[in-house]
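Trainee: kindly return the folded structure for what I paste below:
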Amino acid sequence: MTAMKAGLAELSSGKWVKKGGFESSYVLTSLGRRLSRVRVMGLIVDKWASEDGNYATLSLDDGNETARCKIFVNTKMFDGLASGDLVDVVGKLREWQGEIYVAPETVRKMTANWETLRMLELKAAYRAQKTLIAKVREMQKHTSDVNEIKSLATKTGFDTDAVLAILEAQEMNIVEQEKAVQASSEVRDKVLKLVIQLDRGEGADYGDLLKQAGLPEQQLDDAVTELLESGVCFEPKAGKIKKL
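Mentor: Here you go, the predicted structure:
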């Protein structure tokens, strides 16, 4: 299995897809890449090992995001490494209690020049992936059938697995967007009920809404803005919200 070069932000923002049997589990990223075995680079910002020597971790920072490498039993792989070292890690991705981490196979110290090279390599890889995404969208204009898209991809010389990963990511994004819309609707309904409940004639006071809603201020602001823009509520005066 090829180790795909990736940035830590791509890992942390991806979705863990659990597979069974002989199929490898993977992180499905927003760019439509299935990452099972990766090659990542970053500065060590923390190193920890258990007293019995059977478990150790490295926390890496690549300037955009952080991630951990976890190793069990053979912790000698981390010997000689310290905070501030730049390392190149090859390993398989794993997930535990919502955390995506790297189970390292090799860890090598690198110099700053290699970090610059990796940044350029990642930019090139992401550009190529975005080009492929554009090609897939072009194919989708002609057909929505997955098998036909696979056939078109084969005829045009594209990697069918890469194309299927993009289609899977598109589906994942649609599901996530639907969840976000549903959550937004639930918050809006909750705020509207509270506006009605707190209205003593001149409208509900914004400060009271903030205290009673139990929501982050930004989320409350978004719900109030949506209610005002949709015409469900209006502001009789500054700091007051009233249902029409």
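Trainee: got any ranges where this structure has weak pLDDT?
Mentor: Applying pLDDT under 70 to the chain flags residues 174-181, 183.
Trainee: can you list the domains in it?
Mentor: Using automatic domain parsing, the domain ranges for the chain come out as 4-112, 117-176, 179-243.
Trainee: output these in JSON lines, with mean neighbour count appended to each entry.
Mentor: Every C-beta, even on glycine, is put in place using the N, C-alpha and C of the backbone. Below are these laid out as JSON lines (neighbours: other CB atoms under 10 Å):
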{"stretch": "domain 4-112", "mean neighbour count": "16"}
{"stretch": "domain 117-176", "mean neighbour count": "14"}
{"stretch": "domain 179-243", "mean neighbour count": "14"}
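Trainee: from Lys240, how far out is the residue in the chain sticking out farthest from the centre?
Mentor: Here the centre of the chain is the reference, and by CA atoms, centre = their mean the most remote residue is Gly201, at 45.1 Å. For Gly201, the distance to Lys240 (CB to CB, to the nearest Å) stands at 10 Å.
Trainee: repeat that for Leu228.
Mentor: 12 Å.
Trainee: centre of the chain to the helix or strand hosting Val195, how far?
Mentor: Here Val195, judged by DSSP states H and E, is contained in helix 160-198. Centroid separation for helix 160-198 versus its chain: 15 Å, with CA atoms, centre = their mean, to the nearest Å.
Trainee: over to stretch 206-214?
Mentor: The chain centroid and the centroid of stretch 206-214 are separated by 31 Å under CA atoms, centre = their mean.
Trainee: which residues sit against that stretch?
Mentor: Outside stretch 206-214, the residues that touch it by CB atoms under 8 Å, 6 or more residues apart in numbering are 190-191, 194-195, 198, 217, 220, 224, 239-241.
Trainee: please apply the same query to stretch 232-244.
Mentor: So stretch 232-244 is contacted by 192, 195-196, 199, 202-207, 209, 224, 227-228, 231 (CB under 8 Å, 6+ apart).
Trainee: elements contacting the strand ranked longest in the chain?
Mentor: Ranked by residue count and defined by DSSP state E, the top strand of the chain is strand 37-49. Strand 37-49 sits against strand 4-5, helix 8-12, strand 55-61, strand 66-72, strand 86-96, helix 112-140, with contacts defined as 3 or more CB pairs under 8 Å, 6 or more residues apart in numbering; DSSP states H and E.
Trainee: with only the CA atoms kept, save it in PDB.
Mentor: Once non-C-alpha atoms are left out, strand 37-49 reads as follows in PDB (Å, rounded to 0.1, in the frame of the first residue of the first chain):
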ATOM      1  CA  ARG A  37      -1.100   4.700   4.900                       C
ATOM      2  CA  VAL A  38       0.500   8.200   4.900                       C
ATOM      3  CA  ARG A  39       3.700  10.100   4.900                       C
ATOM      4  CA  VAL A  40       3.500  13.200   7.100                       C
ATOM      5  CA  MET A  41       6.100  15.700   8.200                       C
ATOM      6  CA  GLY A  42       6.100  18.100  11.200                       C
ATOM      7  CA  LEU A  43       7.900  19.500  14.200                       C
ATOM      8  CA  ILE A  44       7.800  17.500  17.400                       C
ATOM      9  CA  VAL A  45       6.100  19.700  20.000                       C
ATOM     10  CA  ASP A  46       5.600  17.000  22.600                       C
ATOM     11  CA  LYS A  47       7.000  13.600  23.400                       C
ATOM     12  CA  TRP A  48       5.700  11.200  26.100                       C
ATOM     13  CA  ALA A  49       6.400   7.600  27.100                       C
END
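Trainee: each with direction, which strands does it pair with?
Mentor: Sheet partners assigned to strand 37-49 using DSSP bridges are listed as strand 4-5 (parallel), strand 55-61 (antiparallel), strand 86-96 (antiparallel).
Trainee: returning to what we had before: out of the contacts of stretch 206-214, which one sits closest to Gly42?
Mentor: Gly42 has its nearest neighbour among the contacts of stretch 206-214 in Glu217, at 33.6 Å by CB to CB.
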